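Colleague: only geometry, no sequence info:
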Ligand SMILES: [Zn+2]
């Protein structure tokens, strides 16, 4: 066994175990064996290099075997980056810093503290953001509140594996698009109105758009546009006032009023019926007794 082999345990972007050797080479977990030993393959294995180097650790992370036949240059920068990234992720998830934590500061503190060659801040930032989003249930504000095995995360991987099973390629593509657009590019609170608004369709805005189209000539001049918009705007203000005052009623309200009127009439006639029956009984009794 070679001497001076120093290993550090890190994680890949996808959360898989990664071993960093002498801060030069990276190895990803490839298989677990029956005797609990683990085989890690050099990360250059999957590239054009197809590096054959591997390392085997026992369950106490002691090196059992190391094949150092790397066919590429050592990558100090890449290895350092992985260590810092992992350390930062760890620090953030351990601490109770709220979500709006200043990543830059954390990054500076930790990377300085580690005395390492500093990998790019942007790369770290995206890494941290990614690890946050991975376990992001909707109303969590601090990292402390995130359960280790987040349900949200589990559901996502379940959907993914089911799609793969049934070959729903298009839906998977859509999920990818959805994640990129709505979970990464835009903040959820900017588009998700779950439980917040009355109208869950955009019919109102569609109707408004249709009406506006009718109003204008194909290419109105700026001042035509402005004047028409002003007219429209004042109309809506007045309509709103009248609606609130109960002068203007929409179809639904009118219908409701009619229904109420009918209900009242039915009730009235029922009461009259009961009253008539009572009167008739009283009259019958009178005629029986005195007739
Ligand atoms: Zn290698």
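Modeller: Arrived safely, thanks for sending. This structure is a prediction, so every number in the text was calculated from the model and none was measured. Residues are numbered from 1 along each chain as shown.
Colleague: can you tell me which strand in this structure is longest?
Modeller: strand 25-32 (DSSP state E).
Colleague: Who does it pair with, and is each partner parallel or antiparallel?
Modeller: Applying DSSP bridges to the sheet, strand 25-32 is found paired with strand 17-21 (antiparallel), strand 38-42 (antiparallel).
Colleague: And the helix or strand hosting residue 270, what's buried?
Modeller: Element membership for residue 270, per DSSP states H and E: helix 251-290. Within helix 251-290, no residue is scored as buried using 16 or more other Cβ atoms under 10 Å. Using the backbone N, CA and C atoms, a C-beta is placed for each residue, glycine as well.
Colleague: Repeat that for stretch 63-77.
Modeller: Buried residues in stretch 63-77, counted by 16+ other Cβ under 10 Å: 63, 66, 70, 75.
Colleague: min pLDDT across those, which one?
Modeller: By pLDDT, residue 75 ranks lowest within the buried residues of stretch 63-77, coming in at 80.
Colleague: Touching, that residue and residue 21? I think so.
Modeller: No: assessed by Cβ atoms under 8 Å, residue 75 is found out of contact with residue 21, at 11.0 Å.
Colleague: okay, how far is it across stretch 18-36, tip to tip?
Modeller: For stretch 18-36, the first-to-last residue distance is 16 Å (Cα to Cα, to the nearest Å).
Colleague: Contacts for it next, please.
Modeller: Outside of stretch 18-36, the residues within contact range by Cβ atoms under 8 Å, 6 or more residues apart in numbering are 4-12, 16-17, 38-43, 53-55, 57-59, 66, 70, 74-76, 78-80, 82-83, 86.
Colleague: filter the residues you listed by proximity to the ion?
Modeller: 42, 53, 70 (Cβ under 5 Å from the ion).
Colleague: how about the nearest residue to the second one once chain neighbours are set aside, what does it touch?
Modeller: Nearest non-adjacent residue to residue 53, counting by Cβ to Cβ, 6 or more residues apart in numbering: residue 42, 4.1 Å away. When contacts are counted by Cβ under 8 Å, 6+ apart, residue 42 is found next to 25-27, 51-54, 70.
Colleague: Buried among those residues? Need that as a selection in ChimeraX.
Modeller: Command for ChimeraX that selects the buried part of those, burial taken from 16+ other Cβ under 10 Å:
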select :25,26,27,51,53,54,70
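Colleague: Can you get me the start-to-end distance on stretch 238-255?
Modeller: Start-to-end, stretch 238-255 (Cα to Cα) is 23 Å.
Colleague: can you confirm residue 9 is in a helix?
Modeller: No: counting by DSSP: H, G, I helix; E, B strand; the rest coil, residue 9 falls outside a helix, being strand.
Colleague: Is it in contact with residue 16, as I believe?
Modeller: No: if you go by Cβ under 8 Å, residue 9 and residue 16 don't touch, sitting 11.5 Å apart.
Colleague: tell me which parts of the stretch 51-200 of the chain are close to the ion?
Modeller: Contacts of the stretch 51-200 of the chain with the ion, taken as Cβ under 5 Å from the ion, map to 51, 53, 70.
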